[in-house]
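S.K.: Let's see this in three dimensions:
(one chain, ligands or ions: 1)
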Amino acid sequence: MVEAHESLDYEYALDHDCTTLSRHVFQQLQSFSADAQDLSALMSRIALAGKLIARRLSRAGLMEGALGFTGSENVQGESVKKMDVYANEVFISVFKQSGLVCRLASEEMEKPYYIPENCPLGRYTLLYDPIDGSSNVDININVGSIFAVCQQEGEDLDGTASDLLQSGRKLLAAGYILYGPSTMLIYSIGKGVHAFTLDPSLGEFILSSENIRMPDHGPIYSANEGNFWQWDESIRDYIRYVHRHEGYTARYSGALVGDFHRILFQGGVFLYPGTVKKPEGKLRLLYETAPLAFLAEQAGGRASTGTQDILDAVPDKLHARTPLIIGSKEDVALVESFIHERSRQAIAAH
Ligand code: AFP
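M.R.: As a prediction, the model looks like this:
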């Protein structure tokens, strides 16, 4: 006979295993309204895209035509990898005939991609970076996908998607998929940040951490110090500070998703400031920095351009870039303090 406590343990384990993404969205919204159904379905589709990309990445070294460059450049002038193209198409494909998403905008496409058959119903737009950190793909280390969802405003009859040029405060959902030793999906619909881990035996993302809180301070600083010579003096001040104080350690993988993921769980700060060659930095606001800023704030952290919160920044074009300082609130504030001090000195000198 099963003891009462054993049956409770069993029930708990089963319930935990059944906490899939779509169920979690309903739990969070405490509703089965049309909006809740939409968000739940959207997250399930994004999860499917993540599973398809994870599957290809896991076998890429054994497949013909999965690794390497295509030979063309994207709208940003960057060399396109075959995996970028594949992952971009995966997201389009999972949202075709979904009735959910009318437009998709990604790093790999100059203009938004419209799915007219979805438009009468699905007034959502998916913003995404299909493979973040794609230089890591060929050497089999971590990469990610970043996504955000917003509501279409207006009819967009001229196809300019000008309503996308708004602040990240309007996002309905954001998250990323990390393709690491395990595949994880981290998301927020404005009710905390939650992590799901892909259970390959089930083919499902199962809840692994709920209501993640970023520590207020952490030991990690994450920046490409090869750009030191190109940084503003204020950023160099910060780097000199961490070099001269105990308690800091550097970590940088070349994939924002992986570096942010570490900071989300362990605290610290990731920086990609402007450089001489790229005064606005390298990272794109709509589908890289704003989605991660949304998560950071939801987890009790912060994200800043150095002079304003990332979520308040309004892009002037689809592929606009912003400097990024993201992570634990005390560490972000410390970097900002060096920026403010240098600008105060510059004003005083005039
Ligand atoms: P790629 O996708 O072109 O590899 O760029 C990745 C990325 O946008 C971001 O994930 C990294 O944090 C950052 O660029 C790395 O850039 P650096 O190579 O200039 O450090």
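S.K.: what element comes up after the host helix or strand of Ile131 heading to the C-terminus?
M.R.: Counting by DSSP states H and E, the element that carries Ile131 is strand 124-132. Remark: after strand 124-132, the chain's next helix or strand is strand 143-151, criterion DSSP H and E.
S.K.: pLDDT value on the residue minimising distance to the centre of the chain, please?
M.R.: Taking C-alpha atoms, centre = their mean as the criterion, Ile146 is the residue nearest the geometric centre of the chain, at 3.6 Å. Per-residue confidence (pLDDT) for Ile146: 98.
S.K.: re earlier: just the angle between the strand holding Ile131 and strand 143-151, please?
M.R.: 170 degrees (axes from the mean of the first three to the mean of the last three C-alpha atoms, to 10 degrees).
S.K.: So is strand 124-132 next to the ligand?
M.R.: Yes: looking at strand 124-132 against the ligand by C-beta under 6 Å from any ligand atom, the contacts come from Asp132. For every residue, glycine as well, the C-beta is placed using N, CA and C.
S.K.: and the gap between Ser328 and the ligand?
M.R.: Counting by C-beta to the nearest ligand atom, to the nearest Å, the gap between Ser328 and the ligand amounts to 18 Å.
S.K.: What score does that residue have for pLDDT?
M.R.: 98.
S.K.: I'd say it and His217 touch.
M.R.: Yes: between Ser328 and His217 there is a contact at 5.1 Å, judged by C-beta atoms under 8 Å.
S.K.: overlap in contacts of those two?
M.R.: Residues touching both Ser328 and His217 comprise Gly267, with contact defined as C-beta atoms under 8 Å, 6 or more residues apart in numbering.
S.K.: Pick out whichever of the two has more residues nearby.
M.R.: For Ser328 and His217, the more surrounded residue by other C-beta atoms under 10 Å is Ser328, and the numbers stand at 26 against 16.
S.K.: which residues in the stretch 251-350 of the chain form helices?
M.R.: For the stretch 251-350 of the chain, the helices defined by DSSP state H, counting those that start in this stretch cover 256-266, 290-298, 329-349.
S.K.: Including distance to Ile139, could the ones you listed go into CSV?
M.R.: Putting the helices of the stretch 251-350 of the chain into CSV (distance: least, C-beta to C-beta, whole Å) gives the following:
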stretch, distance to Ile139
helix 256-266, 13
helix 290-298, 23
helix 329-349, 29
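S.K.: quick one: contacts for the residue nearest to the centre of the chain?
M.R.: Neighbouring residues of Ile146 by C-beta under 8 Å, 6+ apart: 128-129, 132, 175-176, 256-257, 287-288, 291-292.
S.K.: Also Glu233?
M.R.: Glu233 neighbours (C-beta under 8 Å, 6+ apart): Arg342.
S.K.: interface residues of the stretch 151-300 of the chain facing the ligand?
M.R.: Applying C-beta under 6 Å from any ligand atom, one finds that the stretch 151-300 of the chain approaches the ligand through 224, 254-256, 272, 282-283.
S.K.: most surrounded residue in those residues?
M.R.: Among those, the one with the most neighbours (other C-beta under 10 Å) is Leu256, at 25 neighbours.
S.K.: Can you report how many residues lie near the residue lying closest to it once chain neighbours are set aside?
M.R.: Nearest residue to Leu256, sequence neighbours excluded (C-beta to C-beta, 6 or more residues apart in numbering): Asp132, at 5.5 Å. Counted with other C-beta under 10 Å, the neighbours of Asp132 add up to 28.
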